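> Just to be clear, the model below is a prediction. Sequence and coordinates:
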Amino acid sequence: MDAVKGEIISGADSESTKLYTDLKKQEEKERLSLKEYINRKTVTKSGLQKAVYSNIAKAEDVHNAVVNGAEGIGLFRTEFLYMDRNEAPGEDEQFEAYSTVAKAMGGKEVIIRTLDVGGDKNIDYLNIEKEDNPFMGLRAIRYCLKNRELFKIQLRALLRAACYGNIKIILPLVCTVDEVLQAKRILEECKAELYNSGVQYKDDIKLGIMIETPAAVLISDELANLVDFFSIGTNDLTGYTMAADRGNREVSYLYDSNNTAVLKAIELTIKNANAAKIPVGMCGEAAADPKMIPLLLKWGLDEFSVSTSRVLKTRKIICQSE
Ligand code: PEP
Ligand code: MG
């Protein structure tokens, strides 16, 4: 099975057996050579300090991220906490998960995304109505703003857990200024509730947004004045920019993060973040793309959040770039 190409070769002949045996040896050699990057800082040849973070889906994944040299967690996809069960996790359970990650990272940045449900991620007990086009429907921040109690449970857990490390909150699929303003108001409500109950929480928690829709890109200058940081979600941004479903083979030729349209969207987002002097990262798959990294460095991306297995390779590429 070639997991890189997503192919299964049945009845492999001696030629392809040799090809794959050699490939395996080469990969093992590369994996060992990358170990020298575990404790290295991510600095380009010209001396620019960058950061390589890891994306995680479960609190337990944090150990793997640390072992692989991640300088932070750039995306904790919390929807996995809500999956494979019959009811949503309560505030205390979520507090445990978030504070565990924060403590394990020992003060390094941990960016936790609020529930990103809908689209390709369905959770039965949340009773999301069947939609003709779920990627254009009630997903992510839209769902949370409509289901405030569920949203507030998560925000309160995050505010409490933030006392145990360097937690930042990030909102998925933002399209408008109003969504950010609403989320900010709800966050303030949560702080007031915790304050009134005498529960410890972090008042000055940082709030960022994912840039994963063309709408957010086009108003990224305005959005940058409202939030503390951006993270570019190229998985969705590519789909929405190219109007191509990431899971549809028929249009996979369009689903390309290196397409000029997507590159222009990324460049504009970074430019507007830099102009507003807020940090900008990327947590979509493209952050680990060797073709993309030189461009991201040229445009001024600060932080690259990649899957744990790609942290060291990404750091190596950055350290070897100008
Ligand atoms: C993205 O869209 O790039 C992203 C990181 O979010 P997800 O892949 O979880 O949709
Ligand atoms: Mg996304």
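Looks like it arrived, so ask away. Residues are numbered from 1 along each chain as shown. Ligands and ions are numbered 1, 2, ... in the order given.
> got the buried residues for stretch 31-39?
By 16 or more other C-beta atoms under 10 Å, the buried positions in stretch 31-39 come out as 34, 37. From N, CA and C alone the C-beta is placed, and that goes for glycine too.
> and that stretch, how far from the chain's centre?
Averaging C-alpha positions (C-alpha atoms, centre = their mean, to the nearest Å) puts stretch 31-39 24 Å from its chain's average.
> what's in contact with it?
With contact meaning C-beta atoms under 8 Å, 6 or more residues apart in numbering, stretch 31-39 is reached by 68-69, 312-313, 315-316, 319.
> can you put the residues you listed in CSV and add neighbour count and pLDDT?
Shown next, in CSV, are these (neighbours: other C-beta atoms under 10 Å; pLDDT from 0 to 100):
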residue, neighbour count, pLDDT
68, 21, 94
69, 19, 94
312, 23, 97
313, 17, 96
315, 26, 98
316, 19, 97
319, 16, 97
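> Near ligand 2, which residues of the stretch 101-250 of the chain are found?
212, 233, 236 (C-beta under 5 Å from the ion).
> Contact partners for the last one?
Okay, so that is residue 236. Here residue 236 is in contact with 119, 173, 210, 212-213, 284 (criterion: C-beta under 8 Å, 6+ apart).
> pLDDT score for whichever residue of the stretch 1-150 of the chain sits closest to ligand 1?
Closest residue of the stretch 1-150 of the chain to ligand 1, C-beta to the nearest ligand atom: residue 77 (5.3 Å). What the model reports as pLDDT for residue 77 is 98.
> give the contact list for it.
55-57, 113, 116.
> In helices, which of those residues fall?
Using DSSP state H, no member of these falls in helices.
> can you tell me which two in the residues you listed are farthest apart?
Longest distance between any two of the contacts of residue 77 is 13.7 Å, between 56 and 116; criterion C-beta to C-beta.
> ok so, going back, can I get the contacts of residue 77 in JSON lines with distance to ligand 1, neighbour count and pLDDT?
Output for those, formatted as JSON lines (distance: C-beta to the nearest ligand atom, whole Å; neighbours: other C-beta atoms under 10 Å; pLDDT from 0 to 100):
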{"residue": "55", "distance to ligand 1": "7", "neighbour count": "25", "pLDDT": "98"}
{"residue": "56", "distance to ligand 1": "11", "neighbour count": "26", "pLDDT": "98"}
{"residue": "57", "distance to ligand 1": "9", "neighbour count": "15", "pLDDT": "97"}
{"residue": "113", "distance to ligand 1": "8", "neighbour count": "24", "pLDDT": "98"}
{"residue": "116", "distance to ligand 1": "6", "neighbour count": "26", "pLDDT": "97"}
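> In TSV: those residues, plus distance to residue 301.
Formatted as TSV, the contacts of residue 77 follow (distance: C-beta to C-beta, whole Å):
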residue	distance to residue 301
55	15
56	20
57	23
113	18
116	22
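> All the helices of this protein, residue numbers only.
14-33, 61-67, 79-82, 91-104, 141-146, 148-161, 177-196, 214-218, 220-224, 234-242, 260-275, 293-299, 311-319.
> coming back round to it: could you dump the contacts of stretch 31-39 to TSV with distance to residue 299?
Shown next, in TSV, are these (distance: C-beta to C-beta, whole Å):
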residue	distance to residue 299
68	26
69	24
312	23
313	21
315	19
316	20
319	18
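> buried subset of the contacts of residue 236?
Here, 16+ other C-beta under 10 Å leaves 119, 173, 210, 212-213, 284 buried among these.
> Which of these sits closest to ligand 2?
Nearest to ligand 2 among these: residue 212, at 4.8 Å, using C-beta to the ion.
> is it true that the closest one touches residue 241?
No: under the criterion of C-beta atoms under 8 Å, residue 212 makes no contact with residue 241, lying 9.6 Å away.
> neighbours of residue 207, just the number please.
17 (other C-beta atoms under 10 Å).
> brain fart, residue 65
Around residue 65 there are 26 residues (other C-beta under 10 Å).
> Run a quick neighbour tally on the closest residue to it other than its chain neighbours.
Among residues not flanking residue 65 along the chain, residue 54 sits closest, at 3.8 Å (C-beta to C-beta, 6 or more residues apart in numbering). Residue 54 has 29 neighbours, counted by other C-beta under 10 Å.
> so what's residue 54 up against?
Residue 54 touches 61, 64-65, 68, 70, 72-74, 305-308, 311, counting by C-beta under 8 Å, 6+ apart.
> redo that, cut-off 7 Å
65, 68, 70, 73-74, 305-306, 308, 311 (C-beta atoms under 7 Å, 6 or more residues apart in numbering).
> What of residue 201?
Contacts of residue 201 (C-beta under 7 Å, 6+ apart): 159-160, 163, 191, 194.
> Identify the spatial nearest neighbour of it, chain neighbours not counted.
Per C-beta to C-beta, 6+ apart, closest to residue 201 is residue 159, 4.0 Å.
> Next: residue 43.
residue 49 (5.5 Å).
> What residue in the stretch 101-250 of the chain comes nearest to ligand 2?
Counting by C-beta to the ion, the stretch 101-250 of the chain gets nearest ligand 2 through residue 236, at 3.7 Å.
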